[in-house]
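Engineer: from the sequence below, what's the structure:
(chains A, B and C)
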Amino acid sequence: MGILVAVLSGFVLAFIAPWLTRWLGDRVGWVIALLPLSITVYLLTYIPDLADGGSVHYSFAWIPALDVDLSFHVDGLGLIFALLISGIGTLIMLYGGGYLHGHHHLGRFYLFILMFMASMLGVVLADNLITFFIFFELTSLTSYLLIGFSHNAEDSRYSARQALLVTGIGGQMLLVGLILMALVGGGWEFSVLTEQADVIQDHALYLPMLILILGGAFTKSAQVPFHFWLPGAMAAPTPVSAYLHSATMVKAGVYLMARVNPTLGGTDIWQFVLIIFGAATMFLGAYLAVQRTDLKQLLAYTTVSSLGTLTLLIGIGTEIALKAAMVFLVVHSLYKGALFMVAGTIDHETGTRDVRILGGLRKLMPLTAVGAGVAALSMAGIPPLFGFIGKELVYEAALDLDTFAIALAVVAVASNVLMVVVAGITGFQPFLGEEKETPKHAHEGPPSLYLGPLVLGVLSLGIGAIPALVDTRLIEPAVGAVAGEPVDVTLYIWHGVNAMLIMSIITVALGAVLYVGRDQVRWATNQTWSLGRIGSEAVYAWLLALLDWVSKTQTKIIQNGYLRFYYLTIVVVLIISALYPLSVYGDIRLAGDLNDVRFYEWGVVVIVILGALMAVRAQSRLAAVAALGTVGYGIATIYILYGAPDLAMTQILVETLTVILFVLVLYRLPQFATLSKKASRVRDAIIAGTGGLLMTVLVLVASNERFYESISQFHAEESYPSAYGRNVVNVILVDFRAIDTFGEIIVLAVAGIGVYALLRLRLWEDRSDQ
Amino acid sequence: METLMAVLVGVLFASGIYLMLRRSIVKLAIGLVLLSQAANLTLFTAAGLTRGSPPLVPEGGDMPPVPFADPLPQALVLTAIVIGFGVLAFTLVLVKRVYQTVGTDDMDEMRSTDGFKD
Amino acid sequence: MKSLILQTATRSLVAVLLLFSIFLLLRGHDEPGGGFIGGLVGAAAFALYAIAFDVPSTRRMLGIRPQMMIAIGLAMAGGAGVISLLAGEPYFGHLWYHTDLPGFGEIHLGTFLLFDIGVFLVVIGVTLLVILTLQEE
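Structural biologist: The predicted structure follows:
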């Protein structure tokens, strides 16, 4: 039960948050942060349960008819993610209040970000595939709302839509992939499917399933070539970038790959795809990062690079690689979250994020500078920070590969060299050197702004110095869950002198050199082709323009303003689509039988037909209304003749009221006029005639054919015994099919309110220009 | 009798469609009435017709005496008649309001209210 | 259209029509009638009154705004199902109360009646909303 509360309480608080904000003002962050804080504490109590590779399962029936349970599964993998989400969430909730203080949409910010937090917790703790998918999509949706938070800026809206489209398309692929996996594996829970790995991997649908699921993971985690939406998402307020687009949401794709690793992983194709895409993303992200001068863009591209690293590690899939993945996951979240918050604070205090005009802030913002420095050292992989352990493990994993180990190691070192450069640019450069003129005069922000980077810095340092704090408690169960079998994890800060250490030293040394020449590096990389402009983003823009063009062109053709044209289209399509099955399947007995018709029935039918023709030919409004009356009362007579007194009464009453209606409206309207040309009248007559003929045939076929036993027998038999009513029609209306009737009176009410609104609400009179 | 009713339904549909294709907006409303009458009759006929015995359970009995008219299409048509009235009321008022606002009853002159503009 | 004959006839007719509409509503479960038909007769009665006299006096006689009738009707019809829900039955699985009334025989009362009265009110409400508003134009 507790886990359900932990996931859903975020949604509840989300909807209270706007009121809380109105009541408490900027201090609301300190109150809201209590929720993620208590979730973090609650989650920590799971550590003993998971010690020996155990897991805890909770299930709540949600849609039992569809086999969809709200089931949660706390294992090492889920726990480590959940702790990052709630832990960093706590700091972000605080930070958001300081960063957006005085913003008149602060309440909305908390609404969205709390909903996001709850959805993200749902993603990493869900066991049922459908539950997982719904939370997964909710994170895309809340991310869309948060990127477009400054909805009056066009680039915000563009970026938000871009992120939603890319992750949304991936989400659709994922849904199909998950359903395939469930059908092949015969279960809707991750924990069940893990045991069906052999069945799934040998199945013919394995490849399509894999492509679809990876489509969802790659788009969400911004792997090349879908990476471009992530830097675009930097249009969001910085707390959002720090939380969603570095520490948590973008890792949902990585989480997904780790989660399905025991089920789908380990095959050649899995390894091949993940290593290729991961390595490409790792290098490209770092390479594109050093081209940038905007703090947030720098960090965004290095996030892309880190996500590539994680994909790569899961792809390699050996015990060391998975260990590296889980360690690097934590390392990255700690330093990247801190650096993003620092970037936001700098932006907030100085009014700029351009690294070229930042410098010397250490005296003005000492505490922020400390947080930034520690985070940057961890990013650069300097001992004794946690980042050092992470990088060593990444190198070890690369060398662990059977083939191409050297090539991969070179790519890894190259990427990490660039990461060192970016770490220097983002963590040190703004604080070192001479003080520079900035748009605003900077000073240290409030505690809510510097607390986050400081806490994360302390964690990076503490875990790095004493890795025993987390290795067996958190990392080991997580690696075990990804590997699908228990593993032993002990982390050391000092491995002795080996290949990894030498690679580390090379990395830092090269990185330091390039940092000194960072302006030249930026210049040089900018001379090479820029993937942002000619790569997949251009394809995205082109596809979007194509979609625009197609919809505009077809709308021009279809929605041309002639009601007759719309109506004609409907009628003609109906005729064609009904004629085809009739001619193929219908046993049309057109030779009808008129012998049983009694003379008074002939009379009634002829009168109705004459009435209809009179309505068509009528030259005056009065004649038309009279003709309609003839038709209506004639049909009422037919209802009487064929055992439907209720219908006859209804028909007669409605007929009477209709006359009143016409009298009230029609005399305010102009006389009939013959407006159309003779040719179009002939054309319409032919089409109308064909439509009428088709309906005649349909009725003949329908009254001759009976595919199923009528359910009326049931209604007639049960009417009195179980509904105590002798009028079967009324019993059907108020009892057997009461929900239908309820819907129908709602329709009636809507029509009535519509009439009232049309007559009484004179909205158009306000717009005098029309 | 179903054959004759089928012909009647056809005539009603043809008249309704023809009127709705006219340019005069008032004729459109009249066509709509004919069309809903036609649709009701279609439902009523398609289930098969039974002369003169409404689906009422007699005093002391448990079921209507066989043969009885099919009650289900009757229930469907009954609500359809009333909803048809509601829709007609809405249409007529809309027609009236359109005429007042646009100043014409010729649908072709109302193109600008719906046509796609670049 | 102020005709003395019409007005005199209407005065007595309206009372009869309204009684008839309630009669139709209540007998609907056993004989032809019911909420839809009863509602239409009731609406016709008021519409007749509005034609013979005028809209303000019709509204006075009605004593309640048609919009309110629609709202109450929908609430009653929907609420009939909620009562069943509270009693552990499916939505609109009607509840029954059976009793013997001297002179009438066995009487079956049920939440269906609440539903049908709701239908009745919605039908009167919508029809009058349309007709009275149009007449006021």
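Engineer: now do the SS call for residue 23.
Structural biologist: Using chain A here. Under DSSP: H, G, I helix; E, B strand; the rest coil, A:Trp23 falls in the helix class.
Engineer: and the gap between it and A:Ile16?
Structural biologist: Here A:Trp23 is placed at a distance of 10 Å from A:Ile16 (CB to CB, to the nearest Å). For the C-beta atoms, the positions are set from N, CA and C on the backbone; glycine is no exception.
Engineer: give me the more crowded residue out of these two.
Structural biologist: The neighbour comparison of A:Trp23 against A:Ile16 (other CB atoms under 10 Å in any protein chain shown) goes to A:Ile16, with 14 against 11.
Engineer: confidence score at that one?
Structural biologist: As predicted, A:Ile16 sits at a pLDDT of 92.
Engineer: in which helix or strand would I find it?
Structural biologist: helix A:2-24 (DSSP states H and E).
Engineer: A:Val411 too?
Structural biologist: Element membership of A:Val411 [criterion: DSSP H and E] is helix A:405-427.
Engineer: what about the strands in chain C?
Structural biologist: Using DSSP state E, the strands of chain C run over C:96-101, C:105-110.
Engineer: got those as CSV, with distance to B:Leu21 and mean pLDDT columns?
Structural biologist: What follows is those, written out as CSV (distance: least, CB to CB, whole Å; pLDDT from 0 to 100):
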stretch, distance to B:Leu21, mean pLDDT
strand C:96-101, 52, 79
strand C:105-110, 48, 77
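Engineer: what's the first helix or strand after the lowest-mean-pLDDT helix or strand in chain A?
Structural biologist: Lowest by mean pLDDT, DSSP states H and E among the helices and strands of chain A is helix A:531-534, with a mean of 54. Downstream of helix A:531-534, the first helix or strand assigned by DSSP H and E is helix A:536-558.
Engineer: hmm, that next one touching chain B?
Structural biologist: Yes - interface with chain B: helix A:536-558 contributes A:552, A:555-556 (CB under 8 Å from any CB of the partner chain).
Engineer: helices and strands around that helix, which ones?
Structural biologist: Contact here means 3 or more CB pairs under 8 Å, 6 or more residues apart in numbering or on different chains; DSSP states H and E; on that basis helix A:536-558 packs against helix A:154-185.
Engineer: buried sites along the helix it packs on?
Structural biologist: A:156, A:158-168, A:170-171, A:173-175, A:177-182, A:184-185 (16 or more other CB atoms under 10 Å in any protein chain shown).
Engineer: quick one: mean pLDDT over that helix.
Structural biologist: On average, helix A:154-185 scores 94.
Engineer: do the same with stretch A:83-93
Structural biologist: Throughout stretch A:83-93, pLDDT has a mean value of 95.
Engineer: centre of the chain to it, how far?
Structural biologist: With CA atoms, centre = their mean, to the nearest Å as the basis, stretch A:83-93 stands 21 Å off its chain's centre.
Engineer: in which helix or strand would I find the nearest residue in space to A:Ala412 that is not next to it in sequence?
Structural biologist: Residue nearest to A:Ala412 in three dimensions, not counting chain neighbours: A:Ala398, with 4.8 Å by CB to CB, 6 or more residues apart in numbering or on different chains. Using DSSP H and E, A:Ala398 sits in helix A:386-399.
Engineer: repeat that for A:Ser59.
Structural biologist: Counting by DSSP H and E, A:Ser59 is part of strand A:56-63.
Engineer: could you list the low-pLDDT ranges of chain B?
Structural biologist: B:113, B:115-118 (pLDDT under 70).
Engineer: let me see the contact set for residue 110.
Structural biologist: This is for chain A. Counting by CB atoms under 8 Å, 6 or more residues apart in numbering or on different chains, A:Tyr110 makes contact with A:14, A:17-18, A:20-21, A:28, A:32, A:93, A:96.
Engineer: that answer is for a different chain, and I need it for chain B
Structural biologist: A:561, A:563, B:25, B:98, B:102, B:104.
Engineer: now the farthest one out in chain B, which residue is it?
Structural biologist: In chain B, counting by CA atoms, centre = their mean, B:Gly60 sits farthest out from the average C-alpha position, at 37.6 Å.
Engineer: per-residue pLDDT of the residue most central in space within chain C, please?
Structural biologist: Geometric centre of chain C, nearest residue: C:Phe120, 3.7 Å, by CA atoms, centre = their mean. As predicted, C:Phe120 sits at a pLDDT of 96.
Engineer: count the neighbours of the closest residue to it other than its chain neighbours for me.
Structural biologist: Nearest non-adjacent residue to C:Phe120, counting by CB to CB, 6+ apart: C:Gly35, 4.1 Å away. C:Gly35 has 30 neighbouring residues, counting by other CB under 10 Å.
Engineer: equivalent analysis for the one 4 residues further on, please.
Structural biologist: With neighbours defined by other CB under 10 Å, the count for C:Gly39 comes to 32.
Engineer: how close does it get to B:Ile81?
Structural biologist: If you go by CB to CB, the gap between C:Gly39 and B:Ile81 works out to 12 Å.
Engineer: same question, A:Asp294
Structural biologist: Distance, A:Asp294 to B:Ile81, by CB to CB: 67 Å.
Engineer: coming back round to it: what subset of the residues of helix A:536-558 next to chain B is buried?
Structural biologist: Taking 16+ other CB under 10 Å as the criterion, nothing in the residues of helix A:536-558 next to chain B is buried.
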